[in-house]
Structure formats: C-alpha cells, structure tokens
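Student: Return atomic coordinates for the entry below.
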Amino acid sequence: MTPTQAAFDQLLDEHIALTRQYGAVQNKCSHVLQAQRAEIARLEAEVLRLRAAMVVRGVRRADAAYTEKA
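Tutor: Numbering: from 1, shown residues only. Predicted coordinates for the structure are as follows:
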C-alpha cells in the first residue's frame with residue numbers, strides 16, 4: 001500500500017467515524033426536540049385549564065356578590 005493510499009484510507013476511516021457521530025448527535029437532538037414539543041404542549045394545555053378555572057372562579061364570585069345584593 002502506498003503512503004498516499006494509507007493516508008486516504010485513514011482519512012476515509014475518520015470521515016466514517018465522524019459521520020456516525022454526527023448521525024448520533026442528530027438523532028439525540030431530534031429526541032430532545034420531540035420531548036420539548038411534548039412538554040410545551042402539556043404546559044400550554046395546563047395554562048388553558050388554569051385560565052378556565054380562573055374564569056369559572058371569577059364568574060362564581062361575581063354571581064355570589066350579585067346574589068348577596070339582591
């Protein structure tokens with residue numbers, strides 16, 4: 001094997017290793033982003049429920065205050 005061929009083979013091996021690592025990092029990032037999207041959706045749903053609870057509480061208080069005056 002010529003020195004040039006050996007250097008090329010080494011470079012090719014390094015490229016393969018780096019490409020595998022890059023793919024693994026991309027896969028991990030995809031999983032992290034998917035988990036973040038799920039958490040955001042969960043938090044948005046919780047905010048909606050809490051806002052609805054506040055509206056219901058406010059209506060009940062207003063109704064109770066109105067009923068007391070009547």
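
Student: can you pull out the helices in this structure?
Tutor: For the chain, applying DSSP state H gives helices covering 3-69.

Student: any weak-confidence spans in it?
Tutor: The chain contains residues with pLDDT under 70 at 70.

Student: residue closest to the middle of it?
Tutor: Nearest to the mean C-alpha position of the chain, by C-alpha atoms, centre = their mean, lies Q36 at 1.3 Å.

Student: how near is that one to L43?
Tutor: The spacing between Q36 and L43, counted by C-beta to C-beta, to the nearest Å, is 10 Å. Every residue, glycine included, has its C-beta placed from N, CA and C.

Student: Over to R57?
Tutor: As for R57, its distance to L43 is 21 Å (criterion: C-beta to C-beta).

Student: what's the answer for M54, then?
Tutor: 16 Å.

Student: Over to L11?
Tutor: Counting by C-beta to C-beta - L11 and L43 are separated by 47 Å.
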